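Asker: give me the fold of what follows.
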Amino acid sequence: MDYNTLSENIKYISDVNTKKCMRCGKCTATCPNFKEMDIHPHQFVYFIETGRLDRLLKSQSAYKCLTCFACVERCPRQVEPAKLIEAVRLTLVRKQGENYLKPDDVPCTLDEEMPQQAIVSAFRKYTK
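Answerer: Numbers count the residues shown, from 1 in each chain. Below is the predicted model of the structure:
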């Protein structure tokens, strides 16, 4: 697999300029779900920029993003990490031919402390 071509494809899908990132970590600091992710939003940007996708494509972090766009709002350089994460997720789905999480699995993963935004986001993502 050619990671440089794949990296360019992810940048094209997301329409994000990864070179603007200064790796300040503000996107990760504001992410409500960062504790669940082994690769954080600022690391997505770095891995895609450098073409180091091997670890990124094996991680489940792309599926753990809530797509709340808090990282986009917080970024001082308008890098939009959430758009990159969505592009990675789309790439993984196309590569694997299926989603990591099925719509029927979502109710089983809910708990009383989960934010409503996460529930709505999960149903929006996995029922299309």
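
Asker: which one in the chain is furthest away from the centre?
Answerer: residue 112 (24.1 Å; Cα atoms, centre = their mean).

Asker: residues in contact with that one?
Answerer: Contacts for residue 112 (Cβ atoms under 8 Å, 6 or more residues apart in numbering) come out as none. Glycine gets a C-beta too; all of them are placed from N, C-alpha and C.

Asker: same check, this time on residue 51
Answerer: Contacts of residue 51 (Cβ under 8 Å, 6+ apart): 3-4, 7.

Asker: take these and write them to CSV, including secondary structure, neighbour count and distance to residue 62.
Answerer: Formatted as CSV, those follow (DSSP: H, G, I helix; E, B strand; the rest coil; neighbours: other Cβ atoms under 10 Å; distance: Cβ to Cβ, whole Å):
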residue, secondary structure, neighbour count, distance to residue 62
3, helix, 16, 15
4, helix, 10, 19
7, helix, 21, 14
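
Asker: then the longest helix along the chain to PDB, C-alphas only?
Answerer: Looking across the chain with DSSP state H, the single longest helix is helix 81-96. Backbone C-alpha positions of helix 81-96 (Å, rounded to 0.1, in the frame of the first residue of the first chain) are rendered in PDB as follows:
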ATOM      1  CA  PRO A  81      -8.800  17.900  12.400                       C
ATOM      2  CA  ALA A  82     -12.400  16.500  12.500                       C
ATOM      3  CA  LYS A  83     -12.600  16.700   8.700                       C
ATOM      4  CA  LEU A  84      -9.400  14.800   8.400                       C
ATOM      5  CA  ILE A  85     -10.700  12.200  10.900                       C
ATOM      6  CA  GLU A  86     -13.900  11.800   8.800                       C
ATOM      7  CA  ALA A  87     -11.800  11.400   5.700                       C
ATOM      8  CA  VAL A  88      -9.700   8.700   7.400                       C
ATOM      9  CA  ARG A  89     -12.900   7.000   8.500                       C
ATOM     10  CA  LEU A  90     -14.300   7.100   5.000                       C
ATOM     11  CA  THR A  91     -11.000   5.700   3.600                       C
ATOM     12  CA  LEU A  92     -11.100   2.800   6.100                       C
ATOM     13  CA  VAL A  93     -14.800   2.100   5.300                       C
ATOM     14  CA  ARG A  94     -14.000   2.000   1.600                       C
ATOM     15  CA  LYS A  95     -10.900  -0.100   2.200                       C
ATOM     16  CA  GLN A  96     -12.600  -2.600   4.500                       C
END
